[in-house]
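Asks: when you get a sec, could you give me coordinates for this:
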Amino acid sequence: MKIFVVGMPKSGRTTVSKALSQIAGYRRIDASSWVKDSFRDQLADEHDQQYHDELHIWLTNRMKNHPNMIADNVRESIAAYNRHAEDDCIFVVDGIVSPRDFTNLFDINKDIVVFLNRTNNQEEYKDYESIGVSVMRDYCFWLSSADLIEKNRWFEYNFTIPGDDSNYVKNLGHKNSVFIVRSISKVISHLKDQLTHLQRPHAAIQS
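Replies: Numbering: from 1, shown residues only. Have a look, this model is predicted:
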């Protein structure tokens, strides 16, 4: 089983995925940062925007030449873990930003997706970043409307960073499980509870 953690930059994806990977039997897979890490370092006198523009062009060209490189990396990582694991692992996949990769990798019968919506996120986004998350979310809506994904395998969290130390949880959503909480720490603790419950036979979402 794979758990996809999806969200905009600075939404807490890495924080949440690393926290989940501390659960016994869970393994985190960083899907895409290895590609960016293989790009050159930023020059001392280089403007941030110029550097990021060149990085985007470089990434785009790599994707055009190797359109399956992210999905293939995730599959290879899973295979490598499974070769050395005594029991079946649960894989927490962080860094999927392309709808193409998501639809390629997401198993509608087994996998879980978690969308993170940081309501006080001030990060400036590129159009393709916000559109990518929207398309993945719309794909899940389509799956749900066609009865191809269960409500308890599609989570959404609305929260702030750092937020308040509160146990407040509001449960919304008709086709999915939408939760409003006060902080990312509550996202993590609540999500862990939901995943633990989901792994039990005949589980249903608890608010």
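Asks: and the residue of the chain most remote from its centre, what pLDDT?
Replies: Distance from the C-alpha centroid of the chain peaks at Asp45, with 33.7 Å (Cα atoms, centre = their mean). Looking at Asp45, its pLDDT reads 92.
Asks: from His52, how far off is it?
Replies: The gap separating Asp45 from His52 is 15 Å, by Cβ to Cβ, to the nearest Å. Heads up, the C-betas are built off the backbone N, CA and C, glycines and all.
Asks: could you look up the SS state of Lys110?
Replies: Three-state assignment for Lys110 (DSSP: H, G, I helix; E, B strand; the rest coil): coil.
Asks: residue contacts, the residue nearest to it when sequence neighbours are not counted?
Replies: Nearest residue to Lys110, sequence neighbours excluded (Cβ to Cβ, 6 or more residues apart in numbering): Met1, at 5.0 Å. The contact partners of Met1, by Cβ atoms under 8 Å, 6 or more residues apart in numbering, come to 88, 90-91, 107, 110-112.
Asks: neighbours of His52, how many?
Replies: His52 is flanked by 12 other residues according to other Cβ atoms under 10 Å.
Asks: wait, a helix at it?
Replies: Yes: assigned with three-state DSSP, His52 falls within a helix.
Asks: before we move on, the earlier item: quick check, the residue farthest from the centre of the chain in a helix?
Replies: No: Asp45: not assigned to a helix; according to three-state DSSP it is coil.
Asks: from Arg83, how far off is it?
Replies: 46 Å.
Asks: and the helices in the protein, which stretches?
Replies: For the chain, the helices defined by DSSP state H cover 13-20, 33-37, 48-65, 69-84, 99-105, 127-145, 184-198.
Asks: residue contacts, Gln42?
Replies: Neighbours of Gln42 in contact, by Cβ under 8 Å, 6+ apart: 48, 51.
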